[in-house]
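Q: Model the structure of this input:
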Amino acid sequence: NDHALPPSNIESAEMVKALREFSNKHEIKHFYLHDGIKHYVLPMHGLLRPSIVVVATDSHTNTMGAFGAFAASLGPTEMAVVFKKGEIWLRVPENIKFEVEGKFQPMTMAKDLGLKILNMIGTTAGIYKAIEFAGPTVREMSLDGRMVLCNLSTEMGAKNGIVEPDEKVVNYLKGRCNKSFELLKSDHDAEYAKVYKIDVKELDPQVALPYLPTNIKPVSEVEGTEIDQAFIGTCTGGSLEDLRVAANILEGRKTRPNVRIIVIPASREILARALDEGLISVLNEAGAVICNPNCGPCAGMHEGVLASKEVMISTQSRNFRGRAGHYTSRIYLASPATVAASALDGKITDPRKYM
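A: Reported below is the predicted structural model:
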């Protein structure tokens, strides 16, 4: 379970023990207990590819739509049926399309775009719909950026999020996936329930205020809010690209001594590459605590739990009341750039200050 490794309490330890025993008993070949967050681990091991259907008991399974797969979450009972029968009943969803164009401002990231879209349509407009992210800006995005957008489709209520697969997907899977696949794309005359057009050239860094990921304002409207903790990690902030951005801001600087900054790479592979590139050293020198790959504070089950009335700015995807600790704590959501800049100042800060 990527939310509880290593286990932080007896209940989690018993659950991990049961998973390990089940895997051994049934000789499950692909059992990756300590490799990181599943949305990164599956493509890392070549178990994800375009055109397939992927289901898992994690609400952010949508993340893997960045590879052109139909990736959706199920409840535990439904998942048991999948294990038993190898199939599941799904209704074909209507599609909502976001056509994105323009060039991002410096220090503005895919997370800012995802938050802006959330602010536009809210948490219910996408219920049982497929949300397709398209346009020249999305085509220029890295797979890391596309994963953030698909992940946040969950917060829009979507059944799945998806990006048309292209050569970036093919190149990533080379040497990882030994199965053939098809690069399925939308028909030129495909019908959509709604089409939105967005130009990101005027998009400022965005921040989601407590206690909803749709409660969003430009960073300028919340600058100066004092923080106790800054967190960079999870499936919307723990990629190699995210760590590079954070390290670029933090290099040669020190975070405020009264602010805890926690960094959790999304997978073992990302951690290894970050070590090779010297990013971990930079983050450590700046004052960050580096933890093993897992979901961390995102679910309040591991490192970085908040005390009463504490404030955290985080790259995670949810900021519900009590999500990462005490019921009176507050979580602000932002990009890795905004979180890193805020850790330096001890308060929510526009990252463009550190360009």
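Q: so I313 makes contact with T338?
A: Yes. Counting by C-beta atoms under 8 Å, T338 is a contact partner of I313 at 7.1 Å. C-beta here means a position set from N, CA and C on the backbone, and glycine is covered the same way.
Q: so what sits against both of the two?
A: Counting by C-beta atoms under 8 Å, 6 or more residues apart in numbering, the common neighbours of I313 and T338 are V207, I348.
Q: what helix or strand is C150 on?
A: Element membership for C150, per DSSP states H and E: helix 143-152.
Q: just checking, what packs against the strand or helix carrying V339?
A: Using DSSP H and E, V339 sits within helix 336-345. For helix 336-345, the packing partners by 3 or more C-beta pairs under 8 Å, 6 or more residues apart in numbering; DSSP states H and E come out as strand 229-233, helix 240-250, strand 311-314.
Q: tell me which helix or strand of the protein sits lowest on mean pLDDT?
A: Ranked by mean pLDDT, DSSP states H and E, the helix or strand of the chain with the weakest confidence is helix 10-25, at a mean of 88.
Q: and the longest strand seen in the chain, which residues are buried?
A: Looking across the chain with DSSP state E, the single longest strand is strand 94-101. Neighbour-count burial for strand 94-101, counted by 16 or more other C-beta atoms under 10 Å, picks out N95, I96, K97, F98, E99, V100, E101.
Q: same check, this time on stretch 5-21
A: L5, P7, S12, V16.
Q: G161 in helix, strand or coil?
A: Of the three states, G161 takes strand under DSSP: H, G, I helix; E, B strand; the rest coil.
Q: er, L115 I mean
A: helix.
Q: Could you do A66 as well?
A: Taking three-state DSSP, the label given to A66 is helix.
Q: let's have the chain start at 5 instead
A: New numbering, starting at 5: the last item is A70.
Q: pLDDT value on the nearest residue to it once chain neighbours are set aside, please?
A: Spatial nearest neighbour of A70, chain neighbours left out: R150 (3.8 Å); criterion: C-beta to C-beta, 6 or more residues apart in numbering. pLDDT recorded at R150 is 98.
Q: Okay, and the beta partners of A76?
A: Bridge pairing for A76 (DSSP bridges) gives the partners V59.
Q: tally of neighbours for it?
A: The number of residues packed near A76 is 24, by other C-beta atoms under 10 Å.
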